[in-house]
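**Q** following is a predicted model, sequence given first.
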Amino acid sequence: MDCNEFLRRNRAVLEQDTRYEVLFVEKVLCQVRELDFSNVACQTPFTDGGGAKRRIDFTVSEGTDVRLALEVDGWDKRGRGSGMTPSEFEAWSRRELEMSSQKWVVLRFANSLVIHEARACARHIELVLSRERGRARGRSASSEEIQFLNADEKRELAALEQTRQEALKKRLEQALEGETKALEGEEKAREGQAKALDGQAKALDGQARTEGENVWMRWVAGPLAVALVGGGDHFSAANARRTVKTHLHTRRTVRPETSLQTGCPGEPGGASPRYPRDLPPRVGRAPLP
């Protein structure tokens with residue numbers, strides 16, 4: 001039986017849990033050299049020491065002496081995003097011990113290794129099979145098989161290592177690119193905040209200038225205008241200074257009971273802060289309304 005026939009017969013069983021078991025067959029087992037799929041089984045049942053019924057993802061059995069148990073493992077089997085709990089880890093360890101005690105040689109493959117390092121996984125199975133077959137024949141696998149002394153195998157391992165390094169580099173580059181984009185987004189957000197603060201500062205500066213101009217018009221330009229209108233031909237710089245000084249003094253000394261509607265002090269006969277008594281006389285002009 002070849003790989004395709006094994007998949008055709010067992011696909012329904014393999015797809016019951018996750019897609020990784022199908023990927024394991026396609027990417028790993030199909031690349032194992034000298035593997036007769038008539039000796040391969042999936043979801044092999046066994047009973048542990050406590051009498052519980054359990055299953056092994058894949059097994060390779062050649063006679064009674066070559067017994068490989070192949071497990072495909074994910075970090076988060078329950079989909080909680082937190083890995084195994086202490087009790088689950090204890091059960092996982094006990095399960096592996098039970099398989100080993102029943103003469104299974106256990107090999108575990110993480111899902112990420114199945115995807116990114118499939119050929120290396122297949123090579124591990126080949127080496128263990130070679131060793132177990134040698135033991136079954138009454139001898140151990142030669143040191144040349146274990147140490148990869150064959151030149152072709154050395155080149156193959158070098159190519160596998162290069163592929164693994166390239167895959168790792170690609171994953172790191174993708175992660176770095178994502179972090180760079182996130183930092184750029186944060187920088188743009190900070191620039192936007194800085195522009196907004198700069199606009200607020202400019203608005204406050206304009207408001208302060210406007211208020212300053214209003215104060216100047218109220219305290220200086222107003223009395224000057226009164227002096228110009230009221231001074232007539234007798235207006236002079238000294239007269240203007242005296243008028244502004246009188247106006248400022250009146251503003252400081254006006255009592256709280258000053259009428260806000262008329263602008264006059266609360267005492268009878270008081271002078272209006274807007275039109276002090278010592279304004280120069282109007283000559284040749286009609287009185288102000």
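**A** All right, it came through fine.
**Q** pairing partners for the longest strand anywhere in the chain, with directions?
**A** Criterion DSSP state E: the longest strand present in the chain is strand 53-62. When pairing is defined by DSSP bridges, strand 53-62 lines up against strand 40-47 (antiparallel), strand 66-73 (antiparallel).
**Q** what residues of it count as buried?
**A** 56-60 (16 or more other CB atoms under 10 Å). Where C-beta positions appear, they are placed from N, C-alpha and C, glycine not excepted.
**Q** got the residues you listed as a markdown table, with pLDDT and distance to Ala110 columns?
**A** What follows is these, written out as a markdown table (pLDDT from 0 to 100; distance: CB to CB, whole Å):
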| residue | pLDDT | distance to Ala110 |
| --- | --- | --- |
| Ile56 | 93 | 17 |
| Asp57 | 93 | 13 |
| Phe58 | 96 | 15 |
| Thr59 | 96 | 19 |
| Val60 | 96 | 19 |
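**Q** closest to Gln193 out of these?
**A** Asp57 (53.9 Å; CB to CB).
**Q** contact partners for Ala41?
**A** Neighbouring residues of Ala41 by CB atoms under 8 Å, 6 or more residues apart in numbering: 58-59, 61.
**Q** low-confidence stretches in the stretch 101-250 of the chain?
**A** 139-154, 213, 215-250 (pLDDT under 70).
**Q** mind listing the helices for it?
**A** 111-116, 118-136, 143-146, 151-216, 222-231, 237-253 (DSSP state H, counting those that start in this stretch).
**Q** identify the residues contacting the longest strand of the chain?
**A** 21, 24-25, 29, 35-36, 39-48, 66-72, 95, 98-99, 104, 125, 129, 132-133, 136.
**Q** and the residues you listed, which of them are buried?
**A** 21, 24-25, 29, 35, 40-42, 44, 46, 66-72, 95, 98-99, 104, 125, 129, 132-133.
**Q** returning to that earlier point: of all the buried residues of strand 53-62, which two lie farthest apart?
**A** Top of the distance list for the buried residues of strand 53-62 (CB to CB): Asp57 and Val60, 11.5 Å.
**Q** that older thread, got CSV for the strands paired with strand 53-62, with distance to Lys188 too?
**A** Formatted as CSV, these follow (distance: least, CB to CB, whole Å):
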stretch, distance to Lys188
strand 40-47, 52
strand 66-73, 42
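**Q** for the ones you listed, give me CSV that also has distance to Val114 and mean pLDDT.
**A** As requested, these are exported to CSV (distance: least, CB to CB, whole Å; pLDDT from 0 to 100):
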stretch, distance to Val114, mean pLDDT
strand 40-47, 15, 93
strand 66-73, 6, 93
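**Q** out of those strands, which comes closest to Asn111?
**A** Closest to Asn111 of these, according to CB to CB: strand 66-73, at 6.7 Å.
**Q** now do that closest one against helix 118-136, angle only.
**A** 150 degrees (axes from the mean of the first three to the mean of the last three CA atoms, to 10 degrees).
**Q** contacts for strand 66-73?
**A** Counting by CB under 8 Å, 6+ apart, 20-21, 24, 44, 56-61, 99, 103-111, 114, 125, 128-129, 132-133, 136 sit against strand 66-73.
**Q** kindly report the same for stretch 173-182.
**A** With CB under 8 Å, 6+ apart as the test, stretch 173-182 has no contacts from any other residue.
**Q** and the protein, what are its domains?
**A** According to automatic domain parsing, the chain comprises the domains 3-77+84-147, 151-289.
**Q** distance of Ala136 from Met99?
**A** 19 Å (CB to CB, to the nearest Å).
**Q** check the burial of Leu7 by counting its neighbours.
**A** By the criterion of other CB atoms under 10 Å, Leu7 has 16 neighbours.
**Q** got a list of what Phe46 touches?
**A** 54-56, 98-99, 102.
**Q** quick check: phi and psi at the residue lying closest to Asp2 once chain neighbours are set aside.
**A** Spatial nearest neighbour of Asp2, chain neighbours left out: Phe37 (6.1 Å); criterion: CB to CB, 6 or more residues apart in numbering. According to degrees, to the nearest 10, the main-chain angles of Phe37 amount to phi -70, psi -10.
**Q** for Asp198, find the nearest of the strands paired with strand 53-62.
**A** strand 66-73 (55.9 Å).
**Q** pull the CA atoms of that closest one into PDB?
**A** Provided in PDB are the C-alpha atoms of strand 66-73 (Å, rounded to 0.1, in the frame of the first residue of the first chain):
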ATOM      1  CA  VAL A  66       9.500  -2.800  15.500                       C
ATOM      2  CA  ARG A  67       6.800  -0.700  17.200                       C
ATOM      3  CA  LEU A  68       6.800   3.100  16.600                       C
ATOM      4  CA  ALA A  69       4.100   5.300  18.200                       C
ATOM      5  CA  LEU A  70       3.900   8.700  16.400                       C
ATOM      6  CA  GLU A  71       2.000  11.500  18.100                       C
ATOM      7  CA  VAL A  72       1.100  14.900  16.500                       C
ATOM      8  CA  ASP A  73       0.800  17.400  19.300                       C
END
